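Asker: How does the following fold in three dimensions:
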Amino acid sequence: MGKKIGILTGGGDVPGLNSVIKNVVYRGSNDGHDVVGIRRGWEGLTHLNFEDPASVHRYVLPLSRENTRTIDRTGGTYLHSSRTNPSKMKKLPDFLAGKCFPQAETTKKGLTSLTYDVSSQVLANLERLEIEHLVAIGGDDTLSYAATLDKLGVNVICIPKTMDNDVRNTEYCIGFSTAISRATDAINRQRTTVGSHERVGIFRVFGRDAGYTALYTAYVTSIRCAIPEYKFDLEKMIDMLMVDKRNNPSNYCLVILSEGAEWQGYQVREYGEADAFGHRKKANVGEDFGDEVKKRTGEETVISDLTYDLRSGDPDFLDKMVATTFATMAYDALIAGKHGLMAAVSDGKFAMVSIPDPKLGPRHVDVAAMFNTDRYRPTYTNKEGLPLFLTRA
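Answerer: Here you go, the predicted model:
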């Protein structure tokens with residue numbers, strides 16, 4: 001008898017997600033299994049109200065070869081997404097108001113908030129949908145709740161995606177290669193403007209906790225960078241940029257900063273309400289750094305926030321290939337009756353590994369192996385014999 005497979009995407013979108021969805025649907029339908037898409041990530045399993053046809057239409061999407069035939073030709077996610085954490089919901093959907101769920105108080109920076117754990121509702125909806133296996137595609141936040149469901153007995157298989165490339169237990173996440181390609185293109189295009197006006201070009205990219213995106217972009221564009229894992233010396237960085245500028249025949253220089261990068265004595269400012277996983281938006285560190293450059297040198301700057309542009313558009317070859325392969329690996333694992341696993345790249349090879357332990361948080365750049373703290377550049381040497389994305393010697 002055919003199985004019923006659920007699939008969802010959570011957190012930020014990246015190019016390559018639709019290749020995963022299509023491949024699971026094609027493999028499943030070919031083998032006689034039904035695949036149902038859960039729209040808007042974990043929100044689809046917390047806000048789904050079977051008594052409301054509009055809710056069912058909004059959150060449940062039966063998937064077939066017909067409606068997924070061309071989705072891999074575009075970026076984004078066909079199933080849409082959200083940042084919902086069912087174990088820490090600040091507000092219940094109206095139809096769940098008055099029902100009894102475990103509660104907890106969370107205090108951060110002096111502010112206390114009450115949250116609800118609606119995992120029982122998630123389990124009830126999965127049972128009502130008759131979903132036997134769930135494929136969860138996401139970053140460390142989305143996969144942290146997948147780990148919770150696995151402990152609650154749900155047959156979960158995960159696929160890592162994030163252009164930050166910071167999910168543990170894997171050296172590569174879907175979306176990373178396209179992000180670097182987008183950043184490289186943008187920086188190289190803007191060289192003409194920055195050079196024409198003889199300015200300091202400052203680029204900000206995503207990377208709240210890990211600096212892989214900034215580091216690898218700097219690697220292929222040959223510019224200096226700052227990452228969250230290492231607080232740099234402000235005067236030293238500016239002095240080196242001024243040397244770069246003087247030594248450049250066009251009298252300009254470039255630097256790329258992770259959104260979470262900081263210098264000694266400075267902390268990135270945050271604003272707005274925290275999301276479901278406790279993250280607040282970060283102010284543009286590029287603007288603050290630009291102010292320091294102007295104050296200390298009098299040089300004019302061009303500050304570009306590349307963040308959301310890096311996750312837009314179609315996937316490149318590597319992301320499409322990895323997405324298709326991860327989907328096949330995940331499908332094969334669930335059909336074999338396995339659960340609690342994640343498709344990954346380990347030691348340069350495709351592998352099925354354990355879902356990361358949420359308590360460990362995101363994966364970080366190994367500063368000693370990958371970042372030259374004297375030059376604020378990636379480390380280029382001693383790569384022979386290492387897998388492509390291995391982070392340490």
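Asker: where do the strands sit along the stretch 201-350 of the chain?
Answerer: Using DSSP state E, counting those that start in this stretch, the strands of the stretch 201-350 of the chain run over residues 224-226, 253-258, 270-271, 281-282, 301-305, 341-346, 349-354.
Asker: who's in contact with the residue nearest to residue 248 when sequence neighbours are not counted?
Answerer: Distances taken as Cβ to Cβ, 6 or more residues apart in numbering put residue 195 closest to residue 248, at 7.9 Å, once the chain neighbours are dropped. C-beta here means a position set from N, CA and C on the backbone, and glycine is covered the same way. Shown in contact with residue 195 (Cβ atoms under 8 Å, 6 or more residues apart in numbering): 248, 250-252.
Asker: just the buried members of those?
Answerer: With burial judged by 16 or more other Cβ atoms under 10 Å, the buried subset of those is residue 252.
Asker: Out of the contacts of residue 195, which is nearest to residue 161?
Answerer: Residue 161 lies nearest to residue 252 out of these, by Cβ to Cβ, at 34.9 Å.
Asker: confidence score at the closest one?
Answerer: Per-residue pLDDT puts residue 252 at 97.
Asker: Thought residue 193 was touching it, still the case?
Answerer: No. Counting by Cβ atoms under 8 Å, residue 193 is not a contact partner of residue 252; they are 9.3 Å apart.
Asker: ranges for the helices of the stretch 251-393 of the chain?
Answerer: With helices called from DSSP state H, counting those that start in this stretch, the stretch 251-393 of the chain shows them at 285-297, 317-335, 367-370.
Asker: Could you give the average pLDDT over the shortest one?
Answerer: Averaging pLDDT along helix 367-370 gives 92.
Asker: Show me what counts as buried in it.
Answerer: Under 16+ other Cβ under 10 Å, the buried positions of helix 367-370 are residue 370.
Asker: I'd guessed residue 174 sits against residue 159; true?
Answerer: Yes. The criterion here is Cβ under 8 Å, and residue 174 meets it with residue 159 at 7.0 Å.
Asker: Need the overlap of contacts for those two.
Answerer: 20, 137, 326.
Asker: returning to that earlier point: mind checking what secondary structure the residue nearest to residue 248 has?
Answerer: Under the three-state scheme (DSSP: H, G, I helix; E, B strand; the rest coil), residue 195 adopts helix.
Asker: what about it, distance to residue 187?
Answerer: Using Cβ to Cβ, to the nearest Å, residue 195 is found at 12 Å from residue 187.
Asker: looking at the strands of the stretch 201-350 of the chain, which is buried most?
Answerer: Comparing the strands of the stretch 201-350 of the chain by mean neighbour count (mean count of other Cβ atoms under 10 Å), strand 253-258 comes out on top with a mean of 27.
Asker: Mind giving me the packing neighbours of that strand?
Answerer: helix 176-196, strand 200-205, helix 212-221, strand 224-226, helix 234-247, helix 285-297 (3 or more Cβ pairs under 8 Å, 6 or more residues apart in numbering; DSSP states H and E).
Asker: With residue 178 as the reference, measure out to the spatially most central residue of the chain.
Answerer: The residue lying closest to the centre of the chain (Cα atoms, centre = their mean) is residue 162, at 2.5 Å. According to Cβ to Cβ, residue 162 and residue 178 sit 12 Å apart.
Asker: any shared contact partners between those two?
Answerer: Counting by Cβ under 8 Å, 6+ apart, the common neighbours of residue 162 and residue 178 are residue 14.
Asker: Now tell me which helix or strand of this protein has the poorest mean pLDDT.
Answerer: When each helix and strand of the chain is scored by mean pLDDT, DSSP states H and E, strand 270-271 comes last, with a mean of 72.
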